[in-house]
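S.K.: please work out how this folds:
(one chain, ligands or ions: 1)
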Amino acid sequence: TSENDFTGKKLYNYQGSWYYPNTIQAILNFQKHFRPRDSDIILASLPKSGTTWLKALVFAVVHRNKYAPNLVSHPLLSNNPHNLVRFLEVDLYVKNQCPGLEELPSPRIFATHVPFQKLHESLRDSPCKVVYVCRNIKDALVSRWHFRSKIVSNYLLEDMINEYIKGAYFFGPIEEQILSYWKESLVNSNLVLFMRYEEMIEKPVAQVMRLADFLGCSFSEEEKQSGMVEKILELCSLGNLSNLEANKIGTSTCGIAHHAFFRKGGVGDWKNHLTDEMARKLDEMVEKKLKVQG
Ligand code: A3P
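M.R.: Next up, the predicted model:
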């Protein structure tokens, strides 16, 4: 089955989710050629859920010792996070059947928007780590609407809401993706860490320490005393990243302008855009689709 996307391009349903044909090919390439390493880290999310932030934080946490104590000359100061942590299916494997990942130094960090089932077999019981970030659907939808409005003029929020309810959009529907990671995090908490954008905004220090614990590189007492967690948070903050020259110009390796990943951030911007009726429809959809059985 196929559907037109918001620009008229064809999307196809592949095993329950919607993709462009080249993404399906990239997923197949990944499944055939990817060889996991025990130290691999894979970051997963739905678009507009805090992927850029998670990429920056994980990169900064994992590589902090190289740039300690003050994180000067840190790669995040001169590179967009998406070029440091590349997407498997919309960047690496879409460009190349075998993108040469064997040559990368450990620990390798990758990102993906595909459901957990698509990764699962390729990870082949490797003790690698998967971090998922989930964001309130209404905020993620409004964020995606802003993002798409730059591509298509007069793009209506109403159309986007109907699309979400139907589920046929790039990387939709939400339940295929969110529930796959959520369920896995419950049964296999060593493999999948489920994070929430809202909790990261509310308690950033605690969430970054949780992230480091999960990744096996907990902050030492000395690091905590020296304010390392706060320094990482400042480096990766929306204000800091969006003001860097490296993020104002240019296009990331996944083909999107660097600046397009940064807007307002935070929690609850949906209230400035959605009518009560729109919010009600979306709440109803989330209730229906994400109700975890049992
Ligand atoms: P808004 O459009 O609501 O501002 P993704 O990275 O998954 O594409 O998500 C983009 C959303 O995350 C945008 O949300 C963007 O502003 C926000 N974002 C980007 N970098 C961030 C950061 N360092 N901290 C917090 N939010 C960030």
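S.K.: which stretches in the stretch 1-150 of the chain count as strands?
M.R.: With strands called from DSSP state E, counting those that start in this stretch, the stretch 1-150 of the chain shows them at 2-4, 10-14, 17-19, 41-45, 86-87, 109-112, 129-134.
S.K.: and those as a markdown table, adding mean neighbour count?
M.R.: Every C-beta, even on glycine, is put in place using the N, C-alpha and C of the backbone. Compiled in a markdown table, the strands of the stretch 1-150 of the chain are given as follows (neighbours: other C-beta atoms under 10 Å):
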| stretch | mean neighbour count |
| --- | --- |
| strand 2-4 | 12 |
| strand 10-14 | 16 |
| strand 17-19 | 24 |
| strand 41-45 | 25 |
| strand 86-87 | 23 |
| strand 109-112 | 25 |
| strand 129-134 | 24 |
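S.K.: which one of the ones you listed lies closest to residue 143?
M.R.: Counting by C-beta to C-beta, residue 143 lies closest to strand 41-45 out of the strands of the stretch 1-150 of the chain; the figure is 11.9 Å.
S.K.: what does the stretch 1-150 of the chain have sitting close to the ligand?
M.R.: Applying C-beta under 6 Å from any ligand atom, we find that the stretch 1-150 of the chain lies next to the ligand at 45, 47, 48, 49, 50, 51, 52, 53, 56, 139, 143, 146.
S.K.: among the residues you listed, name the buried ones.
M.R.: Buried members of those, counted by 16 or more other C-beta atoms under 10 Å: 45, 48, 49, 50, 51, 52, 53, 56, 139, 143, 146.
S.K.: still on that earlier bit, the residues of the stretch 1-150 of the chain next to the ligand: which two are farthest apart?
M.R.: 56 and 146 (20.1 Å).
S.K.: and the strands of the stretch 1-150 of the chain as a markdown table, adding mean pLDDT?
M.R.: A markdown table is the format used below for the strands of the stretch 1-150 of the chain (pLDDT from 0 to 100):
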| stretch | mean pLDDT |
| --- | --- |
| strand 2-4 | 94 |
| strand 10-14 | 97 |
| strand 17-19 | 97 |
| strand 41-45 | 98 |
| strand 86-87 | 98 |
| strand 109-112 | 98 |
| strand 129-134 | 98 |
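S.K.: neighbours of residue 101, just the number please.
M.R.: Using other C-beta atoms under 10 Å, residue 101 has 20 other residues around it.
S.K.: ok so, going back, which one of the residues of the stretch 1-150 of the chain next to the ligand sits closest to residue 278?
M.R.: residue 139 (13.0 Å).
S.K.: which ones are touching the closest one?
M.R.: 197, 267, 268, 269, 270 (C-beta atoms under 8 Å, 6 or more residues apart in numbering).
S.K.: circling back: helices - which of the residues of the stretch 1-150 of the chain next to the ligand land there?
M.R.: Counted as lying in helices by DSSP state H, out of these, are 51, 52, 53, 56, 139, 143, 146.
S.K.: reformat the residues you listed as CSV; add pLDDT.
M.R.: As requested, these are exported to CSV (pLDDT from 0 to 100):
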residue, pLDDT
51, 98
52, 98
53, 98
56, 98
139, 98
143, 98
146, 96
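S.K.: out of those residues, which one sits closest to residue 123?
M.R.: Closest approach between these and residue 123, by C-beta to C-beta: residue 51, at 19.5 Å.
S.K.: grab the nearest non-local neighbour of that closest one.
M.R.: Take residue 51 and drop its neighbours on the chain: the residue closest to it by C-beta to C-beta, 6 or more residues apart in numbering is residue 45, 4.5 Å away.
S.K.: show me what that neighbour is bridged to.
M.R.: Beta-bridge pairing for residue 45 (DSSP bridges): residue 133.
S.K.: so it touches residue 113, yeah?
M.R.: Yes - Residue 45 lies in contact with residue 113 (C-beta atoms under 8 Å); the separation is 6.5 Å.
S.K.: give the residues shared as contacts by those two.
M.R.: Common neighbours of residue 45 and residue 113 (C-beta under 8 Å, 6+ apart) are residue 51.
S.K.: ok, now how distant is residue 18 from the ligand?
M.R.: According to C-beta to the nearest ligand atom, to the nearest Å, residue 18 and the ligand sit 18 Å apart.
S.K.: then residue 103?
M.R.: 27 Å.
S.K.: that residue: how many residues sit nearby?
M.R.: With neighbours defined by other C-beta under 10 Å, the count for residue 103 comes to 6.
S.K.: which of the contacts of residue 139 fall in helices?
M.R.: residue 197.
S.K.: most neighbours out of the contacts of residue 139, which is it?
M.R.: When neighbours are taken as other C-beta under 10 Å, the top entry among these is residue 197 (24 neighbours).
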